[in-house]
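1. Prediction below, plus the sequence it came from.
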Amino acid sequence: FSALLQELSEYPFSNKVINFFQNRSKLQSLIDKCRKHDIGVYLYFNEPRFLNDNLAKENTGRIGHKYNGENAICLSLKENQDYLYNSFLDLFRNLNDLMGVITITMSENLTHCHSKGFCNCERCKDEKPEYFTALVNNLIQKAVNDSHKNIEVIANVWGWSSFMNWNDENLINGIKMLDKKISIMAVSEYGLSIEHAKEKLTLVDYSISNIGPSEITKKIFKLAKEEGHKIYAKIQINNSWECSSVPFFPNYISLYEHISNLKEIGVEECMGSWTLGGYPSKSISLVNEVFNNNNFDINNWLRINFVDDERFVEAINELKKGFEKYPFSVDNLYFGPKTLGPANLWDLENKLNSSMVCFSRNDYQKWIKPFKVENYLLDYEELFAHFSKALNLLGNFSSKEIEELKDFVEITYLCFKEDYLKTKHLFLTKNGKKDFAKSLISEEYENTERFYNLFVKYSEVGFESSNHYFYTERNFIEKLLNLKDNN
C-alpha cells in the first residue's frame, strides 16, 4: 500500500493537526485483517516528501533543493535526518505484524535534494546522489533495528539509472552503501534492448511483451548478492500499461520464459504488480510453480489447468507471437488511445495534447514516437493477425474459465484496434484523405458495440487503482453518438 509518513507520524513542518493515531489504528486494522488470510502488508514510501512554498516559508532553515514550487527537506541537516529516523521509529514501534516497507528514492516526487536527477542545494550539490539514496534507506533500516520489530526494508533501485543522470559508478556505490539487512529490488526488464516497428530502443518500463531480465538488471542482482543482500525482481505478472484495461492477459509462455530466466540467475522472489495487475489469475500460480518446480513443463501446465487439447496450446502460442509485435515505447505506453480503448471520442476539433494514462485526444504524433506511422500500423496489423488466429482457436472451447480468458483477449484486441484505427484516421485526415478516414468509422462503431457488450459482463474491466474506472457505460453510449455525428 502507498503510504505518506506525514499521515502516520508526527509532522513538525506544519501546524495543521493530523490525526495520525487514527490513521495508524486504521492501518493496524488492515494489517490484522490481511493477516487472518495469511497476507502480509508492505508499505510503499517515497520520503521525505517536499514542502510546498507556503510550508517552506515557515521552515526556511530546513529546506534545500527548490524546483517549480517544491522544496526538498534537506538531508544534509542532522535535524532532518532525525525527523526521518524518529518518525519511522515511532511508527514501527506502534504497529504490529507489518511485513515490510518498500522505498523508491529517485522518482517523480521530490524527496531528498538529489531525487529529481539534479540539485541546486548549496549543502548537497557537491555530494553524490547515491549518498542520499543510501542514507534514506539506512535511516529506515536503523529505525527497524531500534524498534526490535521483524520488518523487511526493500530498496527499489528504479531510478538509480541514466534517466535520472546516474552512471554505473553511482549505482555500484549506492548498492555498496546500503545496510546489508536491506533487500534490493530491481525492475527486471529495465534497460532491455528491443526492436519494434523498425526502431531500436532501450526499454525503461515494465513490459509483458518483452522478456527480461536485462543485462543491467543481471549486474545489479549479481552485485547485490555478492554484497549480502536479498534480491527481488520487479515484474508485471497479469498486465501492464501495454493494456491496463484488462485484468489479465494470458501471455503464459512469455511469463514462463521470463520467470525461468530470473530463476536461472538466482532470483527466488518477485513483486508481481504495481498500481495494476493484482487480479487473482492463474498467471500468479504459474509464477509460483515455475519458481518451485525444477522440472516444470509449460505445455503440461496449460493442459492440466485449462484443457488437454493442442488447439488451446496453439492459441496461447499465437498470443505470445502477437504480443511480441506490440509497438512498445514509453510514449505509446502512457499517451496512446489503447488505455481508454473504444471509449476514446473521435473529435477532430480537439487541439489539446494527450495526457498521461488517460486521454489521448488527437495527439497521434506524440503517441507513435519514435516510430514512423506506416511501421507503427504495420506492427499492429501483424499483432491482429496472431490475435485473430488465437481467438478463432479459443472459440472451440466452452468452459467458463476459457470463455473469460477469450473475452479478456478480445478486450485487449479491441483496445489495440482502437489505437490502430484512431492513429490511421488522424493520419489520413491530416494528409487530406478524408474519404478514406471516414471509411474507418463503421468498423470503429462495430468495435465500440463489441467492447461495450464485454465491458458490462466484467466489473474488473477498465479498473486501475490510481485512476479507478477509466470509463463507465455512458462513455460508450456517448462514443456511439459521437461516431454517428462524424459519419
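-> All right, it came through fine. Predicted model only: the values in this text are computed from it and were never measured.
2. Check the protein for me, the residue farthest from its geometric middle.
-> residue 435 (39.2 Å; C-alpha atoms, centre = their mean).
3. got the CA positions of stretch 184-198 in PDB?
-> Taking Å, rounded to 0.1, in the frame of the first residue of the first chain, the C-alpha atoms of stretch 184-198 are listed here in PDB:
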ATOM      1  CA  ILE A 184      17.200  -4.900  -3.100                       C
ATOM      2  CA  MET A 185      14.600  -4.800  -5.800                       C
ATOM      3  CA  ALA A 186      15.200  -4.000  -9.500                       C
ATOM      4  CA  VAL A 187      12.800  -3.900 -12.500                       C
ATOM      5  CA  SER A 188      13.700  -7.000 -14.500                       C
ATOM      6  CA  GLU A 189      13.100  -5.500 -18.000                       C
ATOM      7  CA  TYR A 190      14.800  -2.100 -17.400                       C
ATOM      8  CA  GLY A 191      17.500  -1.500 -19.900                       C
ATOM      9  CA  LEU A 192      16.500  -4.300 -22.200                       C
ATOM     10  CA  SER A 193      17.500  -3.700 -25.800                       C
ATOM     11  CA  ILE A 194      14.400  -4.100 -28.000                       C
ATOM     12  CA  GLU A 195      13.400  -3.500 -31.600                       C
ATOM     13  CA  HIS A 196       9.800  -2.600 -32.800                       C
ATOM     14  CA  ALA A 197       8.400  -1.000 -35.900                       C
ATOM     15  CA  LYS A 198      12.000  -0.900 -37.400                       C
END
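4. For it, buried residues please.
-> Buried residues in stretch 184-198, counted by 16 or more other C-beta atoms under 10 Å: 184, 185, 186, 187, 188, 189, 190, 191, 192, 194, 196, 197. For the C-beta atoms, the positions are set from N, CA and C on the backbone; glycine is no exception.
5. What average pLDDT does that stretch get?
-> Averaging pLDDT along stretch 184-198 yields 96.
6. Then stretch 465-480?
-> 94.
7. Ok, stretch 210-226 next?
-> pLDDT averaged over stretch 210-226 gives 97.
8. what's the residue farthest from the centre of the chain sitting at in phi/psi?
-> Here is the backbone geometry of residue 435 (degrees, to the nearest 10): phi -70, psi -40.
9. pLDDT at it, what is it?
-> Value listed for residue 435 in the pLDDT field: 90.
10. Please tell me how far it sits from residue 421.
-> Here residue 435 is placed at a distance of 16 Å from residue 421 (C-beta to C-beta, to the nearest Å).
11. which SS class is the nearest residue to residue 74 once chain neighbours are set aside?
-> Of all residues beyond its chain neighbours, the one nearest residue 74 is residue 64 (3.1 Å), with distances taken as C-beta to C-beta, 6 or more residues apart in numbering. At residue 64 the chain is in strand, as set by DSSP: H, G, I helix; E, B strand; the rest coil.
12. right, and residue 64 touches residue 113 too?
-> Yes: using C-beta atoms under 8 Å, residue 64 is in contact with residue 113, at 4.2 Å.
13. Now do the shared contacts for those two.
-> Common neighbours of residue 64 and residue 113 are listed as 72, 74, 75, 76, 119, 121, 123, 124 (criterion: C-beta atoms under 8 Å, 6 or more residues apart in numbering).
14. count of neighbours near the last one?
-> The burial metric for residue 124, expressed as a neighbour count using other C-beta atoms under 10 Å, is 22.
15. same question, residue 108
-> 9.
16. what's the closest residue to residue 318 other than its chain neighbours in contact with, if anything?
-> With C-beta to C-beta, 6+ apart as the criterion, residue 318 has its nearest non-adjacent residue at 3.9 Å, and that residue is residue 390. Each residue near residue 390 by C-beta under 8 Å, 6+ apart is listed here: 315, 316, 318, 319, 322, 409.
17. ok, residue 390 to residue 310 distance?
-> Residue 390 is 14 Å from residue 310, by C-beta to C-beta.
18. correct me, but residue 337 touches residue 359?
-> No: look at residue 337 against residue 359 with C-beta under 8 Å: they stay out of range, at 9.2 Å.
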